[in-house]
Structures are given as C-alpha cells and as structure tokens.
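> sequence and computational prediction follow.
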Amino acid sequence: YLPSPGLCLNWDEDCPGKGLFYAFGTECGKSVWRNPVGKGFLKVTSSAWSEGSPESVLDPLPRNCWSASDPKTQAWICIELPESVRFTPSGYSLRHGYIGGGELRNWSFMASEDGVLWIPVRTHHEDSALCGPYCTKHWPIKDSEVAYRFFKIVMTGTNTIGGHQLSCSGFELYGSVASMPDMVDRSHWLFAQA
C-alpha cells in the first residue's frame, strides 16, 4: 500500500522515525517494516557510497550501522517517491551514521518536483545539532506549501573531522501526502485508506 493523498505524518518526539518512509516500509502500518526500496516503492540514489548502503538510510531503527559516502566534495543522497506520489514536507530528521565522529555540519536539504530543478528547502551552516554516535535530530520546515517527488541531502562543506564523508544512517520526512487529482484515483487499491 502507498500512503493515501491527504495523509498527514507529524513528527512525534515520543515516537520518532514514523514518517513517510516508515509508512512506505510498513504499507501504512499493515505489515512489519521492510525497506521500501526492496518493495519497489522508493528509489535511492547517491554519490559514491563506501560504507553500508545508501538504502540503509531508510531504516527507522537506531541500529549501529556505519553508513557513509566516499569522501568527495558535495556528497549527496536522494530519495525518489513513486511517480504518483507527491509530499509537502513540514520537517525532516537525520541520524548520524558512524560511531567515531564525522557528524554533518554543513548541508542542504533540497527538494524537486522533477529531479532536475532543485530547491534548497533548508540550509545548514555549522549546525552542531548532530552530536555523538548514531544521534538523531529533527528540523522543522516553515511555510512549506509545495509538494515534491524528490528529496536530497547535499553536503556543502566539511563535517566535524574536516572530511567530506556524508555519514548518515537515517533519513525521514514528515508532512502531508499531497492530493494529486489529475494523477491518482484516491480509491486505487495501492493506496491505504485513511
């Protein structure tokens, strides 16, 4: 099942990690979580990745999973939603992907409707919120009204050890699934009913 248009997924400090990617991975709570890339619901692309796999960033559980890109400037990871789904973000969270430093400090959270033209939704410069092994942090997005299909994290500077590795073992989106009346029949069997 895909998340239904109109479904709202809010950040909950008492139960973090249950956003859009979690909804895809559990078929909106109808099954045990399984990576939605393996189910064919989502696509993950990235710059070269050296530790773990880019798909592991969708795992909602705070496992000690070393996951990092190659140490190249402007390392990135991108999540692509199904063609029939658009999402209006109200926040996002990241989980650091390593035990020994290298936390993100400079990056942009970007979004796109078509995967070509990218909009910087939130930019971070010397943001020290991610601190410690596999720590998680949530950032709200203010006044977002546009629904997107592609979401990307792009490093714009160095991490805490002066490197360019994008160390990330968790990425989640919060907000609402946009109604797409010209693209999707809400009663379609693939959509979980609210």
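Right, received. Where do you want to start?
> so where's the chain uncertain?
1, 14-17, 62-64, 179-194 (pLDDT under 70).
> so who does the nearest residue to Tyr92 once chain neighbours are set aside touch?
Spatial nearest neighbour of Tyr92, excluding adjacent residues (CB to CB, 6 or more residues apart in numbering): Leu173 at 5.3 Å. Glycine gets a C-beta too; all of them are placed from N, C-alpha and C. Listed by CB atoms under 8 Å, 6 or more residues apart in numbering, the contact set of Leu173 reads 9, 19-21, 79, 87, 89, 91-92, 151.
> of these, grab the buried ones for ChimeraX.
This is the ChimeraX syntax for the buried subset of the contacts of Leu173, where burial follows 16 or more other CB atoms under 10 Å:
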select :9,19,20,21,79,87,89,91,92,151
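> surely Leu81 touches Val177?
No. Using CB atoms under 8 Å as the test, Leu81 is too far from Val177 to be in contact (9.3 Å).
> overlap of the contact sets of the two?
Shared contacts of Leu81 and Val177, defined by CB under 8 Å, 6+ apart, comprise Phe87.
> who's in contact with Ala75?
Going by CB under 8 Å, 6+ apart, Ala75 touches 46-47, 69, 154-155, 164-166.
> same thing but 7 Å
Ala75 sits next to 47, 69, 155, 164-166 when contact means CB atoms under 7 Å, 6 or more residues apart in numbering.
> so Phe24: helix, strand or coil?
helix (DSSP: H, G, I helix; E, B strand; the rest coil).
> which residue is the nearest non-sequential neighbour of it?
Pro36 (3.7 Å).
> distance of the one you found from Glu126?
Separation of Pro36 from Glu126 (CB to CB, to the nearest Å): 33 Å.
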